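Show me the folded form of this:
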Amino acid sequence: SKGARHGSGKTIELGDKPRLFIGGLKDDVEDSQLKELFENVGPVTDVFVAKGKGYAFVEFGSMAHAKRAMSEYDQSEQWGMRIRIEMSNAKGTGGGGGDQGGRG
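Residues are numbered from 1 along each chain as shown. Below is the predicted model:
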């Protein structure tokens with residue numbers, strides 16, 4: 001039977017694997033450097049560097065490793081720059097808003 005492939009096209013399930021947003025990067029940081037750094041805490045399944053934009057995403061095999069990486073390396077100095085780390089796909093954190101209206 002050919003029902004093995006889940007859907008086609010974009011099925012990006014954010015709840016799938018924990019992903020960290022890494023900010024404060026220099027333009028010349030390579031994905032291999034990030035992978036090497038974060039593999040100190042646990043298996044890294046994917047790394048995406050937004051070249052020239054100063055940020056990257058690192059995906060972990062488990063939430064425990066992602067949280068540990070965050071606590072170990074957030075605001076730490078790597079490659080001569082201070083990096084900041086945020087959970088990129090934490091559920092239940094809607095993007096701001098909620099405080100509009102009600103001005104009178």
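
Just the element for the most centrally placed residue in the chain, please.
By C-alpha atoms, centre = their mean, the chain has its centre lying nearest to Leu20, at 2.1 Å. Element membership of Leu20 [criterion: DSSP states H and E] is strand 19-23.

and that strand, what does it pack onto?
Judged by 3 or more C-beta pairs under 8 Å, 6 or more residues apart in numbering; DSSP states H and E, the packing partners of strand 19-23 are strand 55-60, helix 63-73, strand 84-87. All C-beta spots, glycine's among them, are computed from the backbone N, C-alpha and C.

Save these as JSON lines, and put in distance to Asn40 and mean neighbour count too.
Listed next are the helices and strands packed on strand 19-23 as JSON lines, based on distance: least, C-beta to C-beta, whole Å; neighbours: other C-beta atoms under 10 Å:
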{"stretch": "strand 55-60", "distance to Asn40": "12", "mean neighbour count": "21"}
{"stretch": "helix 63-73", "distance to Asn40": "8", "mean neighbour count": "17"}
{"stretch": "strand 84-87", "distance to Asn40": "14", "mean neighbour count": "16"}
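
Please convert those to JSON lines, extending it with mean pLDDT and distance to Phe38.
Listed next are those as JSON lines, based on pLDDT from 0 to 100; distance: least, C-beta to C-beta, whole Å:
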{"stretch": "strand 55-60", "mean pLDDT": "96", "distance to Phe38": "5"}
{"stretch": "helix 63-73", "mean pLDDT": "96", "distance to Phe38": "5"}
{"stretch": "strand 84-87", "mean pLDDT": "96", "distance to Phe38": "9"}
